[in-house]
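J.: Whatever this is, show me its structure:
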Amino acid sequence: MQTPIRVSTVDHVELVVPNREAAAMWYGQVLGLATVPGTENWADDPKGPLMISGDDGSTCIALFEGMASEAIRNRGFRRVAFRVSGAEFVAFVEYGRRAGLEPMNLQDHDATVSVYFRDPYGHELEVTTYDHVQARPLVPKK
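T.: The predicted structure is shown next:
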């Protein structure tokens, strides 16, 4: 049986953090994400999400307050990846080194180049670019 829908985009990914406001500030400083206008009241509920996004809410991170247990962290979630241009990728890697996001693991995947790191809460994150020619010189030679 064929589904009657075709998903157009990922709406949001949920992350559990100890403090939603502190996490939103970190994500704003490191990745340029901001609170999604019109969703602020959801965070008024202590169990509700604080919605942040880099594209005005088309794709969001929903920050829920709590302590992420091993069971939650290992339920199949691996990482959240963010796509940027080649120039933004180069600037981000330089910024990340200055901001102390080490260890930052850069990898060349032929069609893309990615940098992997963690947020202060242990969530695995990735910044990736399809402008691989511009980003490839940053990847250490093996």
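
J.: Just the buried positions in the strand or helix carrying V115, please.
T.: Secondary structure from DSSP states H and E places V115 in strand 113-118. Buried residues in strand 113-118, counting neighbours by 16 or more other CB atoms under 10 Å, are found at 113-117. Any C-beta I mention is one placed from the backbone N, CA and C, and that applies to glycine too.

J.: In the sheet, which strands lie alongside the next helix or strand after it, parallel or antiparallel?
T.: In the C-terminal direction, the helix or strand that comes right after strand 113-118 (DSSP H and E) is strand 124-129. Paired neighbours of strand 124-129 in the sheet (DSSP bridges): strand 80-83 (parallel), strand 113-118 (antiparallel).

J.: The helix or strand just after the shortest one packs against which elements?
T.: If you walk from strand 80-83 toward the C-terminus, the next helix or strand you reach (DSSP H and E) is helix 86-99. For helix 86-99, the elements it packs on are helix 20-31, strand 113-118, strand 124-129, helix 132-135, judged by 3 or more CB pairs under 8 Å, 6 or more residues apart in numbering; DSSP states H and E.

J.: How far away from the center of its chain is the helix or strand hosting L63?
T.: Per DSSP H and E: L63 is located in strand 60-65. Relative to its parent chain, strand 60-65 has a centroid offset of 11 Å by CA atoms, centre = their mean, to the nearest Å.
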